[in-house]
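Enquirer: Predicted structure and sequence below. I'll ask about it afterward.
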Amino acid sequence: MNRPHPRSITAATVLLGVISLLTAVVYFTTIPDDPPGDGFAAGLTGLFVMLCLIIGTLTLVEAGLLFLLTQFRDPTERSQQLLSIGAGAGSCSVVLLVVPMLIAQVVGGLPPAFLTSGSGIGLLLVPVGIGCSGIGAVLHLVDEFRAGNRA
């Protein structure tokens, strides 16, 4: 079976993490200094900014873990698979949560059904990515520790 190379997964994940951070910047610039009314819209935009920042940062961390362990160490196949799944889940969460918001901002608005169609799955993928990346890194450390004790 033809599996994607960790470098291509890392590159795509980094790109999507950067897109998430740039989306946060784009939305941040739209928050007025003195919002009209009670400021609910500005507060909601601030939540979008925080969501984009958190997801982008987590996605970059997942990509960094995958890159560092595959580039400078020799992880077992299960560790590498878990790290790849974690980075892939992070990438998919950006695609489902952040990219529609960016498109809505650039295009000038999209139907609400388009913006919310993948948000539940996207929110679920965030902890899946963190968990898989974390478990993959821990398994790699355990495997290295076992190998060091055998030697």
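Expert: Cool, got the structure.

Enquirer: any idea which helix or strand of the protein has the worst average confidence?
Expert: Least confident helix or strand of the chain, by mean pLDDT, DSSP states H and E, is helix 112-116 with a mean of 61.

Enquirer: nearest spatial neighbour of Val94, skipping sequence neighbours?
Expert: In space, and not counting its chain neighbours, Val94 is closest to Leu16: 4.1 Å by C-beta to C-beta, 6 or more residues apart in numbering. The way it works is simple: take the backbone N, C-alpha and C, and place the C-beta from them, glycine included.

Enquirer: who touches the helix or strand hosting the one you found?
Expert: For Leu16, the host element (DSSP states H and E) is helix 6-29. Defining contact as C-beta atoms under 8 Å, 6 or more residues apart in numbering, one finds that helix 6-29 is touched by 45, 48-50, 52-53, 55-57, 59-60, 62-63, 66-67, 70, 80, 83-84, 87-88, 90-91, 94-95, 98-99, 101-102, 105-106.

Enquirer: Let's see the PyMOL selection covering just the buried ones among those residues.
Expert: Buried residues within the contacts of helix 6-29, by 16 or more other C-beta atoms under 10 Å, are selected in PyMOL with:
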select buried, resi 45+48+49+52+53+55+56+59+60+62+63+66+67+70+80+83+84+87+88+90+91+94+95+98+99+101+102+105
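
Enquirer: So which of the contacts of helix 6-29 belong to helices?
Expert: Secondary structure assignment by DSSP state H places 45, 48-50, 52-53, 55-57, 59-60, 62-63, 66-67, 70, 80, 83-84, 87-88, 90-91, 99, 101-102, 105-106 of the contacts of helix 6-29 in helices.

Enquirer: what is the rounded mean pLDDT of the helix holding Leu16?
Expert: Averaging pLDDT along helix 6-29 gives 92.
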